[in-house]
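Peer 1: Dropping a prediction and its sequence here:
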Amino acid sequence: MSYRKNSLAGRAADEITEMIARQRFLPGDKLPNELELAQELHVSRTTLREALRILSTRGLVEPHRGVGTFVTRSQSIHDDFDVLKIQNTRVNLKDLYEMRLMFEPQAAYYACIRASDEELETIFHYGELDEQMIRRRDPLWDETEQKFHNAIASATHNQFITSLLPIFNRAIRQGVILANESPQVAEQTLNDHRLLMQYLRDRNPQGAKAAMHLHMMNTMRIFSIEID
């Protein structure tokens, strides 16, 4: 099966899954209307409908004709993705970044191989937007930083990697808080992201893996996180 088939719908389904996992939408909540949600996810309404069908087969949402689509009242999302329970454990920044170091370089490798052209454009879109937000120290910088890394993880087409997004996002949020106090972090992040995106553009998986590893190591070094 081609990784490109239904890739946009799959990515949109993964993003909605993450919204539910982060409790933006609770069991029983109605999702935003098609136009609003499609615009937020940067997909067409047709692609969004396919993503919702995917989520319906997973038992995560329930469509109600003429009313809308609702998050299922069951807790199946946490049953299906037990690893998400890790996000509720008390872990420090060192543990969070060590986990990112273990997984994200390899995620960049597979994203480089498996991403569709559309998915790469999504990665670049968020990468460029993130650069703008970092330069002006926008308070929403952590959101674009998360979307950039989440787009890379989603492009791996691996449900277990995408299920780790809430954990990665927790590390990113804490990292941005510290980064706002250190211009060095912001500048290093910009340089690392540019290098990573260049390897992705070149479809160089080993380069992308090395660039993501370097990004994690640079950030940990600046935060004085020891590498054992």
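Peer 2: Yep, it's here. Numbering: from 1, shown residues only.
Peer 1: residues in contact with the spatially most central residue of the chain?
Peer 2: When the chain is reduced to its mean C-alpha position, the closest residue under CA atoms, centre = their mean turns out to be Asn150, at 1.4 Å. Asn150 sits next to Glu15, Glu18, Thr162, Leu165, Phe168, Asn169 when contact means CB atoms under 8 Å, 6 or more residues apart in numbering. For the C-beta atoms, the positions are set from N, CA and C on the backbone; glycine is no exception.
Peer 1: pLDDT wise, what is the closest residue to the fourth one other than its chain neighbours at?
Peer 2: Closest residue in space to Leu165, ignoring its immediate chain neighbours: Glu18 at 4.9 Å, by CB to CB, 6 or more residues apart in numbering. What the model reports as pLDDT for Glu18 is 75.
Peer 1: next helix or strand past whichever strand or helix holds Glu18?
Peer 2: Glu18 is located in helix 7-21, with elements delineated by DSSP states H and E. Proceeding C-terminally, helix 7-21 gives way to helix 34-41 as the next helix or strand, assigned by DSSP H and E.
Peer 1: Could I get the average pLDDT for that next one?
Peer 2: Mean predicted confidence for helix 34-41 is 92.
Peer 1: per the record, what domains does the chain have?
Peer 2: 7-78, 83-222 (automatic domain parsing).
Peer 1: thinking again about what came up before, and the two most separated of the contacts of Asn150?
Peer 2: Glu15 and Phe168 (13.6 Å; CB to CB).
Peer 1: Any regions of this structure where pLDDT drops low?
Peer 2: The model of the chain has pLDDT under 70 over residues 1-7, 22, 74-91, 139, 179-183, 228.
Peer 1: Look up how far Ala115 lies from Glu40.
Peer 2: Separation of Glu40 from Ala115 (CB to CB, to the nearest Å) stands at 20 Å.
Peer 1: So for those two, which sits in the more crowded spot?
Peer 2: For Glu40 versus Ala115, neighbours defined as other CB atoms under 10 Å are more numerous around Ala115 (25 against 14).
Peer 1: Could you pull up phi and psi at that one?
Peer 2: Main-chain dihedrals, Ala115, degrees, to the nearest 10: phi -60, psi 140.
Peer 1: With the flanking residues excluded, which residue is spatially nearest to it?
Peer 2: In space, Ala115 is closest to Ala155, 3.8 Å off (CB to CB, 6+ apart).
Peer 1: Pro32 too?
Peer 2: Glu40 (7.4 Å).
Peer 1: Quick check: that neighbour touching Asn33?
Peer 2: No - checked against CB atoms under 8 Å, the pair Glu40 and Asn33 is beyond contact range at 10.9 Å.
Peer 1: buried residues in stretch 152-162?
Peer 2: Within stretch 152-162, the residues that count as buried by 16 or more other CB atoms under 10 Å are Ile152, Ala153, Ser154, Ala155, Thr156, His157, Asn158, Ile161, Thr162.
Peer 1: Not counting its own residues, what contacts the helix or strand hosting Cys112?
Peer 2: Element membership of Cys112 [criterion: DSSP H and E] is helix 93-114. Helix 93-114 is contacted from outside by 3, 119, 123, 149, 152-153, 155-158, 161, 164, 167-168, 170-171, 174-175, 178, 196, 199-200, 203-206, 208-213, 216-217, 219-220, 223, 225-226, using CB under 8 Å, 6+ apart.
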